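Visitor: Structure for this input, please:
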Amino acid sequence: MNLCLSEHRSPVGDFTVVTRGDALCVAQFTDHASGLLQALPERYPDLRLERGATPRAVAAAFEAYWGGALGALDPLAGVVAHRRFVVDDT
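Guide: Numbers count the residues shown, from 1 in each chain. Next up is the predicted model:
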């Protein structure tokens with residue numbers, strides 16, 4: 001099973017999603033996704049990144065989220081490789 005890359009429009013900008021089967025690996029606004037996408041070969045050395053369709057459950061969850069259902073992403077299975085939190089108190 002390879003990694004599947006897809007891009008979507010959201011109310012606030014283009015959004016990149018990478019899945020492995022039904023598991024969410026990367027979800028990021030496209031203009032900030034390059035670093036995460038470049039890190040994928042290190043995290044998944046045996047998997048190729050291919051463009052394709054987002055699994056229905058993942059696509060439906062994001063559509064619901066963009067529509068205001070903030071808990072819609074909670075049930076998604078995910079593979080978290082790296083999280084970076086930035087706090088700006090200014």
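
Visitor: May I see the buried residues of stretch 60-72?
Guide: 61, 62, 65, 72 (16 or more other C-beta atoms under 10 Å). (Each C-beta comes from the backbone N, C-alpha and C, glycine too.)

Visitor: Which member of those is positioned nearest residue 33?
Guide: Closest approach to residue 33 among the buried residues of stretch 60-72 (C-beta to C-beta): residue 62, at 14.4 Å.

Visitor: so what's that closest one closest to, chain neighbours aside?
Guide: Among residues not flanking residue 62 along the chain, residue 8 sits closest, at 6.7 Å (C-beta to C-beta, 6 or more residues apart in numbering).

Visitor: any weak-confidence spans in this protein?
Guide: The model of the chain has pLDDT under 70 over residues 79-90.

Visitor: let's go with 90 and repeat that
Guide: Under the criterion pLDDT under 90, the flagged ranges of the chain are 1-2, 9, 12, 21-27, 32-45, 70-90.

Visitor: which stretches of it form helices?
Guide: Counting by DSSP state H, the chain has helices at residues 34-43, 56-66.
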